[in-house]
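Visitor: Structure for this input, please:
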Amino acid sequence: MTTELALGLPAVSPISHLFLMIALLMVACRAAGRLCRRLGQPPVIGEIMTGIALGPSLLGAVWPEGQRWLFPAELLPVINALAQVGLVLFMFMVGYELNVGQLRSRGKVAALVSNVSVAVPMAGGILLALAMYGRFADTGIGFPAFALFMALSMSITAFPVLARILADRKMDRTSVGALALTCAAVDDITAWCLLALATALGHDTSLTGVVTTVALTAVFIFAMMYGLRPLLARLAERHADRMGEGIALLPVLLAGILLSSFATDWIGIHPIFGAFLFGAVVPRGAAQKAAVELMRGVTVVLLLPLFFAYSGLKTDFRLIGAEPGLWGWCAVIIAVATVTKWAGSTGAARVTGLGWQEALSLGALMNCRGLTELVVLGVGLELGIITPTVFAMLVVMTLVTTVLTSPALTLIDRLAAQRRSLPLEQGGRAVAR
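Guide: Okay, the predicted model is just below:
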C-alpha cells in the first residue's frame, strides 16, 4: 500500500511516510521550541503550536488536501502510540526527579499553599461544570466524572514547565522559586491521584466498579512503596559495580516503567500513573541517575515532542467558532482558571507571612499549566469525558495561562522595583515588606 499526493509527488510506502511525519514533527517542534525560548516562553508552547499549525486548525483549513497527505488518518494511531511511549517515559522521569526531602523540609508552608491552590480552583471548576454539563457533556458521561475532570483541569500546575521557567529566569535557587517547586510537586501528586479517580469514574458508572478501581489502586501504591522499592534498593546495591555506567540497569528500569504502566491501565486508571509512581519509588543513586540520563535524550528530543504535536493535531479551533458564544465560554474558562489559581495561591502565601511581591510571584508561577494540563486533557478526551470542543477550549486556556507566566513575573518585578525606588514620603515602601 502506498500514498501519493495529488500534485504528482511520487508514491511512498506507509513506513516511509511514517518516517517523513516523525522527521517533520521533530524538526518543526525543535525550531518552534527554540524560537519560544528566545521569546522568553517555555519550548512546550512552540511544540503545541506546531501541532496546531500542522493540524486542522491552520494547515487543514488553508490546504486540506496537503494536510491529509502529510498526516493520513491511518498513520495517526502510530504517532499516538509512539507519543504514549514518550509520555510514560517522561512521567517516569518526573516521578524520579520528585524531591521528597524538599517536600518534608517545607511541609507546613507548602502544604497550605498547595492545598489552597488546588481546592479553590477545584471549587471554580465544579461551578463551571454545573453551568456547562447540560450543553457540553456527551450522553452517557455522568456529572461526577465531568465535574471532577473540570475541577482537575482548573487546579493543575505544570511541575516540569515550571522548573524550566525558574531555571531560565535564575529563580530556581531563590526562596520563592524553591517554594513554588515544592508546591507544584505536591500539586502534581494531588493531580495524579485525582486523575486516577476521574479515570475510574470515566471507565465505570457503577459505584461498585469505582470502589473496586480505587481499592486496587491503593493496593498497587502499597505494593510499589513497600514491596518494590526495597527490592530495587537491594538490587542496585548488590550490582553497584556492574551498574556504574547505567547500561545494566536501563533494561530493568524500562521493563519496570512498561509493566507499571500496564498494571495501572489494567486496574482502570491511566498508564502514566504507574510510570510516575514507579519513578517516585526508584531509589536514587549513581547507576539510576546514569540510566535515566540514557533514556532522556530519545524521550525529550524525539518521543515527547510527538505527544505535544499530536495534541495539537487533535485540536481544532474551528469547533469553538462553530457555534455563537463558544469563544465567550472559552473566555470564562480562562478567567476562572486564572483567577482561582492565582488568587488562591497568593492568598495562602500571604497567610504564611510572605510579602506581596513573593506572594504574587508564587501565584503567577502556580498558574502555569503547560505539559501536565495537556496530559490530563488528553486522558479526558481519550476516555470521552470531554468532547473535542471542550478539549479545544481547555487547550486555549492551557496556552494562555502558560504564556502568561513569564510576562507576569516580569511585570511584578518591575512594579516592585518602581515601588522601592519611590521616596518614603510618597509612600514608597517595598512591596516585599
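
Visitor: which residues touch whichever helix or strand residue 93 is part of?
Guide: Per DSSP states H and E: residue 93 is located in helix 76-96. With contacts defined as Cβ atoms under 8 Å, 6 or more residues apart in numbering, helix 76-96 is touched by 18, 21-22, 25, 71, 159-160, 188, 253, 257-258, 261, 271-272, 274-282, 284, 288, 292, 295-296, 299-300, 302-304, 306-307, 309-310, 313, 375. In this view, the C-beta of every residue, glycine as well, is placed from N, C-alpha and C.

Visitor: try stretch 263-276
Guide: 84, 87-89, 91-92, 94-95, 192, 195-196, 199-200, 203-204, 209, 212-213, 216-217, 220, 257, 260-262, 277, 375, 379.

Visitor: at 7 Å what do you get?
Guide: The contact list for stretch 263-276, computed with Cβ atoms under 7 Å, 6 or more residues apart in numbering, reads 87-88, 91-92, 94-95, 192, 195-196, 199-200, 203-204, 213, 216-217, 220, 257, 260-261, 375, 379.

Visitor: again, but for stretch 393-401
Guide: 45, 48, 153, 315, 320, 329-330, 333-334, 337-338, 367-370, 373-374, 377.

Visitor: Now that stretch: buried residues?
Guide: 393-401 (16 or more other Cβ atoms under 10 Å).

Visitor: got it, and stretch 34-43?
Guide: 36, 41-43.

Visitor: follow-up on the earlier one: name only those of the contacts of helix 76-96 that count as buried.
Guide: For these, a neighbour count by 16+ other Cβ under 10 Å gives the buried set as 18, 21-22, 25, 71, 159-160, 188, 253, 257-258, 261, 271-272, 274-282, 288, 292, 295, 299, 302-304, 306-307, 309-310, 313, 375.

Visitor: pLDDT below threshold where in the stretch 1-150 of the chain?
Guide: 1-11, 99-107 (pLDDT under 70).

Visitor: for the stretch 301-433 of the chain, same thing?
Guide: 422-433.

Visitor: biggest helix in this protein by residues?
Guide: Longest helix in the chain, counting residues (DSSP state H): helix 388-421.

Visitor: Which positions in that helix come out as buried?
Guide: In terms of neighbour count (16+ other Cβ under 10 Å), helix 388-421 has its buried residues at 389-406, 408-409, 412-413, 416, 419.

Visitor: so what's the most centrally placed residue in the chain up against?
Guide: Centroid-nearest residue in the chain: residue 372, 1.0 Å away (criterion: Cα atoms, centre = their mean). Contacts for residue 372 (Cβ under 7 Å, 6+ apart) come out as 156, 158-159, 188, 191.

Visitor: likewise residue 159?
Guide: By Cβ under 7 Å, 6+ apart, the neighbours of residue 159 are 94, 184-185, 188, 372.

Visitor: can you put the residues you listed in JSON lines and add distance to residue 347 and secondary structure?
Guide: Output for those, formatted as JSON lines (distance: Cβ to Cβ, whole Å; DSSP: H, G, I helix; E, B strand; the rest coil):
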{"residue": "94", "distance to residue 347": "28", "secondary structure": "helix"}
{"residue": "184", "distance to residue 347": "17", "secondary structure": "helix"}
{"residue": "185", "distance to residue 347": "20", "secondary structure": "helix"}
{"residue": "188", "distance to residue 347": "21", "secondary structure": "helix"}
{"residue": "372", "distance to residue 347": "22", "secondary structure": "helix"}
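
Visitor: Mind putting the residues you listed into TSV with distance to residue 113?
Guide: Below are the contacts of residue 159 laid out as TSV (distance: Cβ to Cβ, whole Å):
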residue	distance to residue 113
94	20
184	10
185	12
188	14
372	17
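
Visitor: now, which of those sits nearest residue 166?
Guide: Nearest to residue 166, judged by Cβ to Cβ, of the contacts of residue 159 is residue 184 at 9.6 Å.

Visitor: quick one: buried residues of the helix or strand harbouring residue 67?
Guide: In this assignment (DSSP H and E), residue 67 forms part of helix 64-70. Buried residues in helix 64-70, defined by neighbour count with 16+ other Cβ under 10 Å: 67-70.

Visitor: Also stretch 321-340?
Guide: For stretch 321-340, using 16+ other Cβ under 10 Å, the buried residues are 326, 329-330, 333-334, 336-338, 340.

Visitor: got it, and stretch 338-352?
Guide: Going by 16+ other Cβ under 10 Å, stretch 338-352 has these buried residues: 338, 340-346, 348-350, 352.

Visitor: go on, stretch 121-130?
Guide: 121-125, 127-129.

Visitor: Keep only those of those that are in helices.
Guide: Reading helices off the buried residues of stretch 121-130 with DSSP H, I get 121-125, 127-129.

Visitor: Out of these, which is nearest to residue 140?
Guide: Residue 140 lies nearest to residue 129 out of these, by Cβ to Cβ, at 16.1 Å.

Visitor: Tell me the spacing between that closest one and residue 381.
Guide: From residue 129 across to residue 381, the span is 16 Å (Cβ to Cβ, to the nearest Å).

Visitor: do the same with residue 309
Guide: From residue 309 over to residue 381 the distance is 15 Å, taken as Cβ to Cβ.

Visitor: coming back round to it: mind putting the buried residues of stretch 321-340 into JSON lines with distance to residue 179 and secondary structure?
Guide: Output for the buried residues of stretch 321-340, formatted as JSON lines (distance: Cβ to Cβ, whole Å; three-state DSSP):
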{"residue": "326", "distance to residue 179": "38", "secondary structure": "helix"}
{"residue": "329", "distance to residue 179": "34", "secondary structure": "helix"}
{"residue": "330", "distance to residue 179": "31", "secondary structure": "helix"}
{"residue": "333", "distance to residue 179": "27", "secondary structure": "helix"}
{"residue": "334", "distance to residue 179": "25", "secondary structure": "helix"}
{"residue": "336", "distance to residue 179": "25", "secondary structure": "helix"}
{"residue": "337", "distance to residue 179": "21", "secondary structure": "helix"}
{"residue": "338", "distance to residue 179": "20", "secondary structure": "helix"}
{"residue": "340", "distance to residue 179": "20", "secondary structure": "helix"}
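
Visitor: Could you identify the most distant pair in the residues you listed?
Guide: The widest separation within the buried residues of stretch 321-340 (Cβ to Cβ) is 21.3 Å, between 326 and 340.
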